[in-house]
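Participant: What would the 3D arrangement of this be:
(one chain, ligands or ions: 2)
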Amino acid sequence: MERRMLVAVSFGEPVLMARSVWDWLHSHLPSVSVCACVSAGLLLHYCSVCQTKQWQKLKTMVHWSPFVSLNKRYPWVQLAGHAGNFQAGEYGRLLKRYCECEQLCLSKLMGDILRPYVPGYYGVVQRDEQDYNLMDDLLADFDSPSIMDCKMGSRTYLAEELLKARERPRLRRDMYEKMVAVDPGAPTDQERAQQGILKPRYMQWRETLSSTATLGFRIEGIKRADGTCNTNFKKTKHREQVMQALGDFVDGNIQILKVYLQRLEELRSVLEKSQFFRTHEVVGSSLLFVHDASGQARVWMIDFGKTVPLPAPLTLDHRTPWIEGNCEDGYLWGLDNLIDILSTMLPPSR
Ligand SMILES: O=P(O)(O)O[C@H]1[C@H](O)[C@@H](OP(=O)(O)O)[C@H](OP(=O)(O)O)[C@@H](OP(=O)(O)O)[C@H]1O
Ligand SMILES: Nc1ncnc2c1ncn2[C@@H]1O[C@H](COP(=O)(O)OP(=O)(O)O)[C@@H](O)[C@H]1O
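Facilitator: Ligands and ions are numbered 1, 2, ... in the order given. As a prediction, the model looks like this:
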(Lines give C-alpha, C1' and ligand atoms only; values in the text may rest on other atoms or scores of the structure.)
(Ligands and ions follow the chains in the order given, each with its own letter.)
Protein backbone atom coordinates (compact mmCIF):
# COMPACT_ATOMS: atom_id res chain seq x y z
CA MET A 1 0.00 0.00 0.00
CA GLU A 2 2.77 2.46 0.94
CA ARG A 3 4.43 1.82 -2.39
CA ARG A 4 1.13 2.38 -4.26
CA MET A 5 0.68 5.66 -2.43
CA LEU A 6 4.16 6.93 -3.23
CA VAL A 7 3.88 5.94 -6.84
CA ALA A 8 0.54 7.70 -7.03
CA VAL A 9 1.99 10.86 -5.48
CA SER A 10 5.08 10.83 -7.62
CA PHE A 11 3.25 10.10 -10.83
CA GLY A 12 0.56 12.67 -10.16
CA GLU A 13 -2.45 10.37 -9.91
CA PRO A 14 -4.68 12.33 -7.50
CA VAL A 15 -7.56 9.85 -7.21
CA LEU A 16 -5.36 6.87 -6.54
CA MET A 17 -3.31 8.99 -4.19
CA ALA A 18 -6.28 10.20 -2.21
CA ARG A 19 -7.56 6.65 -1.80
CA SER A 20 -4.15 5.33 -0.84
CA VAL A 21 -3.52 8.12 1.68
CA TRP A 22 -6.90 7.53 3.23
CA ASP A 23 -6.43 3.74 3.45
CA TRP A 24 -3.06 4.08 5.07
CA LEU A 25 -4.03 6.74 7.58
CA HIS A 26 -7.20 4.90 8.43
CA SER A 27 -5.24 1.81 9.35
CA HIS A 28 -2.62 3.76 11.36
CA LEU A 29 -4.45 6.60 13.13
CA PRO A 30 -6.72 6.28 16.16
CA SER A 31 -9.83 8.12 14.98
CA VAL A 32 -11.61 8.99 11.77
CA SER A 33 -11.54 12.73 12.51
CA VAL A 34 -7.75 12.82 13.09
CA CYS A 35 -7.39 10.78 9.97
CA ALA A 36 -9.54 13.23 7.97
CA CYS A 37 -7.54 16.26 9.20
CA VAL A 38 -4.18 14.71 8.31
CA SER A 39 -5.50 13.63 4.89
CA ALA A 40 -6.75 17.14 4.15
CA GLY A 41 -3.38 18.65 5.11
CA LEU A 42 -1.47 16.24 2.94
CA LEU A 43 -3.75 16.78 -0.03
CA LEU A 44 -3.49 20.56 0.28
CA HIS A 45 0.28 20.25 0.28
CA TYR A 46 0.13 17.97 -2.75
CA CYS A 47 -2.12 20.39 -4.69
CA SER A 48 0.17 23.34 -4.02
CA VAL A 49 3.17 21.36 -5.25
CA CYS A 50 1.30 20.39 -8.43
CA GLN A 51 0.17 23.94 -9.05
CA THR A 52 3.60 25.44 -8.73
CA LYS A 53 5.12 22.93 -11.09
CA GLN A 54 2.77 21.08 -13.39
CA TRP A 55 5.50 19.73 -15.58
CA GLN A 56 7.67 18.09 -12.97
CA LYS A 57 11.16 17.19 -13.99
CA LEU A 58 11.13 13.63 -12.75
CA LYS A 59 14.87 13.53 -12.39
CA THR A 60 14.65 15.71 -9.32
CA MET A 61 11.80 13.82 -7.75
CA VAL A 62 13.88 11.08 -6.24
CA HIS A 63 14.97 13.72 -3.77
CA TRP A 64 11.46 14.92 -3.10
CA SER A 65 8.59 13.20 -1.37
CA PRO A 66 6.11 14.52 1.16
CA PHE A 67 6.04 11.00 2.59
CA VAL A 68 9.64 10.71 3.69
CA SER A 69 8.41 9.62 7.10
CA LEU A 70 7.10 6.42 5.57
CA ASN A 71 10.73 5.66 4.83
CA LYS A 72 10.06 4.86 1.21
CA ARG A 73 11.60 6.59 -1.76
CA TYR A 74 10.08 7.58 -5.03
CA PRO A 75 10.83 4.70 -7.37
CA TRP A 76 11.71 6.57 -10.56
CA VAL A 77 14.98 8.28 -11.40
CA GLN A 78 16.51 9.49 -14.64
CA LEU A 79 20.19 8.64 -14.55
CA ALA A 80 21.38 10.09 -17.83
CA GLY A 81 20.15 11.73 -21.00
CA HIS A 82 18.40 14.99 -21.69
CA ALA A 83 16.76 16.84 -18.83
CA GLY A 84 13.01 17.24 -19.24
CA ASN A 85 12.68 14.37 -21.73
CA PHE A 86 10.40 12.27 -19.52
CA GLN A 87 6.99 12.56 -17.97
CA ALA A 88 5.01 10.17 -15.85
CA GLY A 89 2.39 8.11 -17.63
CA GLU A 90 -0.28 6.00 -16.01
CA TYR A 91 1.05 3.58 -13.41
CA GLY A 92 3.93 1.52 -14.76
CA ARG A 93 4.41 3.58 -17.92
CA LEU A 94 6.54 6.52 -19.01
CA LEU A 95 6.25 9.22 -21.63
CA LYS A 96 9.45 10.03 -23.44
CA ARG A 97 9.61 13.12 -25.66
CA TYR A 98 8.85 12.03 -29.21
CA CYS A 99 11.69 11.11 -31.50
CA GLU A 100 10.76 9.56 -34.84
CA CYS A 101 13.86 7.42 -34.96
CA GLU A 102 13.06 5.94 -31.58
CA GLN A 103 9.42 5.42 -32.49
CA LEU A 104 10.38 3.44 -35.59
CA CYS A 105 12.85 1.31 -33.66
CA LEU A 106 10.54 0.57 -30.74
CA SER A 107 7.72 -0.35 -33.16
CA LYS A 108 9.97 -2.77 -35.03
CA LEU A 109 11.40 -4.15 -31.79
CA MET A 110 7.91 -5.14 -30.66
CA GLY A 111 7.98 -7.72 -33.46
CA ASP A 112 11.59 -8.84 -33.00
CA ILE A 113 13.09 -11.53 -30.76
CA LEU A 114 14.64 -8.66 -28.76
CA ARG A 115 11.21 -7.69 -27.45
CA PRO A 116 11.77 -9.09 -23.90
CA TYR A 117 14.93 -7.01 -23.65
CA VAL A 118 13.41 -3.59 -24.42
CA PRO A 119 10.64 -1.60 -22.71
CA GLY A 120 7.15 -2.50 -23.96
CA TYR A 121 6.04 0.18 -26.44
CA TYR A 122 2.48 1.51 -26.75
CA GLY A 123 2.64 4.12 -29.52
CA VAL A 124 2.57 7.90 -29.64
CA VAL A 125 0.48 9.98 -27.23
CA GLN A 126 -0.03 13.73 -26.92
CA ARG A 127 0.11 15.81 -23.79
CA ASP A 128 -0.02 19.62 -23.75
CA GLU A 129 0.47 19.65 -27.53
CA GLN A 130 3.70 17.70 -27.29
CA ASP A 131 4.06 14.18 -28.72
CA TYR A 132 5.55 11.40 -26.63
CA ASN A 133 6.48 7.76 -27.06
CA LEU A 134 4.65 5.75 -24.42
CA MET A 135 6.63 2.89 -22.94
CA ASP A 136 7.00 0.69 -19.89
CA ASP A 137 8.64 2.14 -16.82
CA LEU A 138 11.28 -0.51 -16.21
CA LEU A 139 11.50 0.40 -12.52
CA ALA A 140 7.84 -0.23 -11.79
CA ASP A 141 8.25 -3.78 -10.47
CA PHE A 142 11.14 -2.98 -8.15
CA ASP A 143 11.23 -1.78 -4.58
CA SER A 144 13.92 0.87 -3.87
CA PRO A 145 15.88 -0.25 -6.93
CA SER A 146 19.58 0.16 -7.63
CA ILE A 147 20.01 1.37 -11.20
CA MET A 148 22.91 1.62 -13.61
CA ASP A 149 23.03 3.07 -17.12
CA CYS A 150 25.81 1.74 -19.39
CA LYS A 151 26.15 3.37 -22.78
CA MET A 152 27.07 0.67 -25.28
CA GLY A 153 29.34 0.73 -28.32
CA SER A 154 32.71 2.08 -29.35
CA ARG A 155 31.21 5.17 -30.99
CA THR A 156 28.65 7.60 -29.60
CA TYR A 157 27.88 9.78 -32.63
CA LEU A 158 26.42 9.00 -36.04
CA ALA A 159 28.42 9.30 -39.25
CA GLU A 160 25.90 11.93 -40.39
CA GLU A 161 26.90 14.09 -37.42
CA LEU A 162 30.47 13.87 -38.67
CA LEU A 163 29.45 14.90 -42.19
CA LYS A 164 27.32 17.74 -40.88
CA ALA A 165 30.20 19.03 -38.79
CA ARG A 166 32.42 19.03 -41.89
CA GLU A 167 29.92 20.63 -44.21
CA ARG A 168 28.36 23.12 -41.81
CA PRO A 169 30.70 23.39 -38.83
CA ARG A 170 28.86 24.66 -35.77
CA LEU A 171 30.89 25.52 -32.74
CA ARG A 172 29.35 24.31 -29.50
CA ARG A 173 30.09 26.55 -26.56
CA ASP A 174 28.16 24.26 -24.19
CA MET A 175 30.38 21.33 -25.15
CA TYR A 176 33.49 23.45 -24.80
CA GLU A 177 32.38 24.36 -21.29
CA LYS A 178 31.63 20.73 -20.40
CA MET A 179 35.10 19.80 -21.64
CA VAL A 180 36.87 22.53 -19.66
CA ALA A 181 34.93 21.59 -16.53
CA VAL A 182 36.40 18.08 -16.69
CA ASP A 183 39.86 18.95 -17.99
CA PRO A 184 40.89 22.60 -18.42
CA GLY A 185 43.89 21.45 -20.47
CA ALA A 186 41.86 19.48 -23.04
CA PRO A 187 40.91 22.19 -25.60
CA THR A 188 43.41 23.10 -28.28
CA ASP A 189 44.66 26.69 -28.56
CA GLN A 190 42.27 27.25 -31.43
CA GLU A 191 39.29 25.85 -29.47
CA ARG A 192 40.26 28.03 -26.53
CA ALA A 193 40.37 31.10 -28.76
CA GLN A 194 36.97 30.19 -30.24
CA GLN A 195 35.50 29.18 -26.89
CA GLY A 196 33.71 26.42 -28.77
CA ILE A 197 34.21 22.92 -30.22
CA LEU A 198 32.58 20.73 -32.85
CA LYS A 199 30.26 18.00 -31.61
CA PRO A 200 32.23 15.00 -33.03
CA ARG A 201 35.41 16.34 -31.41
CA TYR A 202 33.62 16.54 -28.04
CA MET A 203 32.09 13.10 -28.46
CA GLN A 204 35.46 11.56 -29.45
CA TRP A 205 37.16 13.21 -26.50
CA ARG A 206 34.48 11.75 -24.17
CA GLU A 207 35.00 8.33 -25.77
CA THR A 208 38.75 8.28 -25.18
CA LEU A 209 38.50 9.80 -21.72
CA SER A 210 36.11 7.03 -20.64
CA SER A 211 36.08 3.29 -21.42
CA THR A 212 34.04 3.69 -24.64
CA ALA A 213 37.08 3.66 -26.91
CA THR A 214 38.99 0.93 -25.07
CA LEU A 215 36.17 -1.36 -23.86
CA GLY A 216 33.20 -0.52 -26.08
CA PHE A 217 30.93 0.65 -23.25
CA ARG A 218 30.95 3.19 -20.47
CA ILE A 219 29.11 3.71 -17.23
CA GLU A 220 26.92 6.82 -17.41
CA GLY A 221 25.36 6.76 -13.98
CA ILE A 222 24.59 4.66 -10.94
CA LYS A 223 21.88 5.08 -8.33
CA ARG A 224 22.14 2.81 -5.34
CA ALA A 225 19.31 1.53 -3.16
CA ASP A 226 20.38 3.86 -0.35
CA GLY A 227 19.45 6.79 -2.62
CA THR A 228 22.97 7.91 -3.46
CA CYS A 229 23.48 8.83 -7.11
CA ASN A 230 26.75 9.05 -9.02
CA THR A 231 26.97 10.36 -12.56
CA ASN A 232 30.62 11.23 -12.30
CA PHE A 233 32.09 8.44 -14.43
CA LYS A 234 33.51 10.53 -17.24
CA LYS A 235 37.04 9.39 -16.39
CA THR A 236 36.19 5.79 -15.56
CA LYS A 237 38.32 4.25 -18.27
CA HIS A 238 40.33 1.28 -17.12
CA ARG A 239 39.07 -2.23 -16.46
CA GLU A 240 39.95 -1.97 -12.76
CA GLN A 241 38.00 1.28 -12.39
CA VAL A 242 35.00 -0.27 -14.11
CA MET A 243 35.21 -3.33 -11.83
CA GLN A 244 35.33 -1.09 -8.80
CA ALA A 245 32.21 0.80 -9.95
CA LEU A 246 30.35 -2.43 -10.75
CA GLY A 247 31.31 -3.90 -7.38
CA ASP A 248 29.98 -0.80 -5.62
CA PHE A 249 26.81 -0.94 -7.68
CA VAL A 250 25.98 -4.51 -6.57
CA ASP A 251 27.37 -3.80 -3.11
CA GLY A 252 29.55 -6.90 -3.36
CA ASN A 253 26.52 -9.15 -3.84
CA ILE A 254 27.77 -12.14 -5.85
CA GLN A 255 24.27 -13.52 -6.38
CA ILE A 256 23.14 -10.30 -8.09
CA LEU A 257 26.29 -10.33 -10.23
CA LYS A 258 25.49 -13.87 -11.34
CA VAL A 259 21.94 -12.96 -12.32
CA TYR A 260 23.19 -9.94 -14.30
CA LEU A 261 25.83 -12.06 -16.00
CA GLN A 262 23.27 -14.67 -16.99
CA ARG A 263 20.91 -12.01 -18.36
CA LEU A 264 23.72 -10.42 -20.39
CA GLU A 265 24.77 -13.79 -21.82
CA GLU A 266 21.15 -14.43 -22.83
CA LEU A 267 20.92 -10.97 -24.36
CA ARG A 268 24.11 -11.53 -26.35
CA SER A 269 22.84 -14.75 -27.81
CA VAL A 270 19.53 -13.11 -28.77
CA LEU A 271 21.35 -10.11 -30.28
CA GLU A 272 23.41 -12.47 -32.41
CA LYS A 273 20.21 -13.86 -33.91
CA SER A 274 18.11 -10.70 -34.08
CA GLN A 275 17.03 -9.46 -37.51
CA PHE A 276 16.58 -5.96 -36.08
CA PHE A 277 20.07 -5.87 -34.61
CA ARG A 278 21.73 -7.21 -37.76
CA THR A 279 20.14 -4.51 -39.88
CA HIS A 280 20.57 -1.47 -37.61
CA GLU A 281 23.44 0.73 -36.54
CA VAL A 282 22.98 1.07 -32.78
CA VAL A 283 24.64 4.23 -31.48
CA GLY A 284 24.25 5.91 -28.09
CA SER A 285 21.96 3.17 -26.81
CA SER A 286 22.26 2.06 -23.18
CA LEU A 287 21.79 -1.03 -21.09
CA LEU A 288 19.74 -0.27 -18.02
CA PHE A 289 20.58 -2.52 -15.06
CA VAL A 290 18.03 -2.70 -12.24
CA HIS A 291 18.03 -4.79 -9.07
CA ASP A 292 16.61 -4.60 -5.57
CA ALA A 293 17.00 -6.23 -2.19
CA SER A 294 14.66 -9.10 -3.15
CA GLY A 295 17.44 -10.41 -5.42
CA GLN A 296 15.52 -9.56 -8.59
CA ALA A 297 17.94 -8.24 -11.26
CA ARG A 298 17.21 -7.40 -14.91
CA VAL A 299 18.87 -5.65 -17.84
CA TRP A 300 17.12 -3.92 -20.74
CA MET A 301 18.21 -2.04 -23.85
CA ILE A 302 17.02 1.58 -23.85
CA ASP A 303 17.43 4.78 -25.89
CA PHE A 304 17.03 4.22 -29.61
CA GLY A 305 17.23 7.90 -30.55
CA LYS A 306 20.33 7.24 -32.64
CA THR A 307 19.61 3.70 -33.86
CA VAL A 308 19.21 3.78 -37.63
CA PRO A 309 18.37 1.19 -40.30
CA LEU A 310 21.21 0.24 -42.63
CA PRO A 311 20.88 0.61 -46.38
CA ALA A 312 20.06 -2.91 -47.71
CA PRO A 313 21.77 -5.30 -48.14
CA LEU A 314 24.30 -4.02 -45.59
CA THR A 315 24.39 -5.85 -42.25
CA LEU A 316 26.68 -5.43 -39.24
CA ASP A 317 28.45 -7.87 -36.97
CA HIS A 318 28.79 -5.16 -34.28
CA ARG A 319 32.33 -6.35 -33.46
CA THR A 320 34.45 -5.21 -36.41
CA PRO A 321 36.26 -1.97 -35.59
CA TRP A 322 34.65 1.15 -37.03
CA ILE A 323 36.12 2.90 -40.02
CA GLU A 324 34.26 5.69 -41.73
CA GLY A 325 31.71 4.17 -44.06
CA ASN A 326 31.41 0.67 -42.53
CA CYS A 327 28.71 1.76 -40.00
CA GLU A 328 30.03 -0.64 -37.34
CA ASP A 329 29.15 0.45 -33.82
CA GLY A 330 31.14 -1.93 -31.59
CA TYR A 331 28.03 -2.87 -29.59
CA LEU A 332 28.77 -6.60 -29.31
CA TRP A 333 32.46 -5.97 -28.75
CA GLY A 334 31.45 -3.83 -25.77
CA LEU A 335 29.03 -6.47 -24.54
CA ASP A 336 31.75 -9.15 -24.82
CA ASN A 337 34.02 -6.97 -22.68
CA LEU A 338 31.30 -6.26 -20.14
CA ILE A 339 30.49 -9.97 -19.84
CA ASP A 340 34.16 -10.78 -19.49
CA ILE A 341 34.60 -8.20 -16.74
CA LEU A 342 31.58 -9.45 -14.80
CA SER A 343 32.82 -13.05 -15.16
CA THR A 344 36.19 -12.19 -13.67
CA MET A 345 34.46 -10.52 -10.72
CA LEU A 346 32.86 -13.84 -9.74
CA PRO A 347 34.68 -16.38 -7.61
CA PRO A 348 36.28 -19.17 -9.71
CA SER A 349 33.82 -21.81 -8.45
CA ARG A 350 30.99 -20.41 -10.59
O1 LIG B 1 27.03 13.12 -21.73
P2 LIG B 1 27.51 14.50 -22.11
O3 LIG B 1 28.97 14.65 -21.97
O4 LIG B 1 26.72 15.58 -21.47
O5 LIG B 1 27.26 14.63 -23.71
C6 LIG B 1 25.96 14.53 -24.25
C7 LIG B 1 25.62 13.07 -24.52
O8 LIG B 1 26.61 12.47 -25.33
C9 LIG B 1 24.26 12.96 -25.23
O10 LIG B 1 24.00 11.59 -25.51
P11 LIG B 1 22.82 10.78 -24.70
O12 LIG B 1 21.55 11.42 -25.10
O13 LIG B 1 22.95 9.40 -25.21
O14 LIG B 1 23.16 10.93 -23.27
C15 LIG B 1 24.27 13.75 -26.53
O16 LIG B 1 22.98 13.70 -27.10
P17 LIG B 1 22.62 12.97 -28.47
O18 LIG B 1 22.47 11.51 -28.10
O19 LIG B 1 21.35 13.58 -28.91
O20 LIG B 1 23.75 13.16 -29.42
C21 LIG B 1 24.58 15.19 -26.23
O22 LIG B 1 24.62 15.91 -27.48
P23 LIG B 1 23.65 17.18 -27.73
O24 LIG B 1 22.24 16.72 -27.47
O25 LIG B 1 23.90 17.57 -29.15
O26 LIG B 1 24.12 18.22 -26.72
C27 LIG B 1 25.93 15.37 -25.55
O28 LIG B 1 26.12 16.72 -25.22
N1 LIG C 1 11.78 2.77 -19.97
C2 LIG C 1 12.45 3.28 -18.94
N3 LIG C 1 12.17 2.87 -17.68
C4 LIG C 1 12.84 3.38 -16.62
N5 LIG C 1 13.80 4.31 -16.71
C6 LIG C 1 14.12 4.75 -17.95
C7 LIG C 1 13.48 4.26 -19.11
N8 LIG C 1 14.00 4.88 -20.18
C9 LIG C 1 14.94 5.72 -19.71
N10 LIG C 1 15.01 5.66 -18.36
C11 LIG C 1 15.88 6.49 -17.49
O12 LIG C 1 16.15 7.70 -18.16
C13 LIG C 1 17.55 7.83 -18.42
C14 LIG C 1 17.76 8.46 -19.79
O15 LIG C 1 17.14 7.66 -20.77
P16 LIG C 1 17.47 7.81 -22.31
O17 LIG C 1 16.46 7.03 -23.07
O18 LIG C 1 18.90 7.46 -22.53
O19 LIG C 1 17.24 9.39 -22.53
P20 LIG C 1 17.88 10.37 -23.61
O21 LIG C 1 17.33 9.97 -24.94
O22 LIG C 1 17.45 11.71 -23.13
O23 LIG C 1 19.38 10.16 -23.57
C24 LIG C 1 18.13 6.44 -18.27
O25 LIG C 1 19.46 6.48 -17.83
C26 LIG C 1 17.22 5.83 -17.22
O27 LIG C 1 17.66 6.22 -15.92
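
Participant: low-scoring stretches of the chain, by residue?
Facilitator: Judged by pLDDT under 70, the chain has its weakly predicted residues at 1-75, 350.

Participant: Next one: the residue in it that ligand 1 sits nearest to from ligand 2, what distance?
Facilitator: Per Cβ to the nearest ligand atom, residue 284 is where the chain lies closest to ligand 1, at 4.1 Å. Yep, even glycine has a C-beta here, placed from its N, CA and C like the rest. Residue 284 sits at a distance of 7 Å from ligand 2 (criterion: Cβ to the nearest ligand atom, to the nearest Å).

Participant: Likewise for residue 176?
Facilitator: The span separating residue 176 from ligand 2 equals 21 Å under the rule Cβ to the nearest ligand atom.

Participant: Pull the contacting residues for the nearest residue to residue 238 once chain neighbours are set aside.
Facilitator: Using Cβ to Cβ, 6 or more residues apart in numbering and skipping residues adjacent in sequence, the residue nearest residue 238 is residue 211, 7.3 Å away. Contacts for residue 211 (Cβ atoms under 8 Å, 6 or more residues apart in numbering) come out as 217, 218, 219, 236, 237, 238, 239, 241, 242.

Participant: And residue 241, by the same measure?
Facilitator: For residue 241, the contacting residues are residue 211, by Cβ under 8 Å, 6+ apart.

Participant: Could you grab the helix/strand/coil label for it?
Facilitator: For residue 241, the assignment made with DSSP: H, G, I helix; E, B strand; the rest coil gives helix.

Participant: separation between it and residue 235?
Facilitator: To residue 235, residue 241 is 8 Å away according to Cβ to Cβ, to the nearest Å.

Participant: same question, residue 92
Facilitator: Taking Cβ to Cβ as the measure, residue 92 falls 36 Å from residue 235.

Participant: now residue 290
Facilitator: Taken as Cβ to Cβ, the span from residue 290 to residue 235 is 25 Å.

Participant: The two: which has the busier surroundings?
Facilitator: More crowded of residue 290 and residue 235, by other Cβ atoms under 10 Å: residue 290, with 19 against 12.

Participant: Let me see the contact set for the residue of the chain closest to ligand 1.
Facilitator: Residue 284 is in contact with 151, 153, 156, 157, 303, 305, 306, 307, counting by Cβ under 8 Å, 6+ apart.

Participant: Please identify the helix or strand for the residue nearest to the spatial centre of the chain.
Facilitator: Among the residues of the chain, the one closest to the centroid is residue 149, at 5.0 Å (Cα atoms, centre = their mean). Counting by DSSP states H and E, the element that carries residue 149 is strand 146-152.

Participant: Number of residues surrounding the closest residue to ligand 2 within the chain?
Facilitator: Taking Cβ to the nearest ligand atom, ligand 2 has its nearest neighbour within the chain at residue 81, 2.6 Å off. By other Cβ under 10 Å, 19 other residues sit near residue 81.

Participant: Which residue, other than its chain neighbours, is closest to it?
Facilitator: Per Cβ to Cβ, 6+ apart, closest to residue 81 is residue 303, 6.8 Å.

Participant: any idea how far the one you found is from residue 208?
Facilitator: From residue 303 to residue 208 the distance is 22 Å (Cβ to Cβ).

Participant: In terms of neighbours, single out the busier of those two.
Facilitator: Neighbours were counted for residue 303 and for residue 208 using other Cβ under 10 Å; residue 303 has more, 24 against 11.

Participant: which ones are touching that one?
Facilitator: Contacts for residue 303 (Cβ under 8 Å, 6+ apart) come out as 81, 102, 284, 285, 286.

Participant: since we're on the fourth one, how many residues are nearby?
Facilitator: Neighbour count of residue 285, defined by other Cβ under 10 Å: 23.

Participant: Any figure for the gap between it and residue 143?
Facilitator: Distance of residue 285 to residue 143, given as Cβ to Cβ: 27 Å.

Participant: So stretch 108-124, near ligand 2 or not?
Facilitator: Yes - using Cβ under 6 Å from any ligand atom, stretch 108-124 reaches ligand 2 at residue 119.
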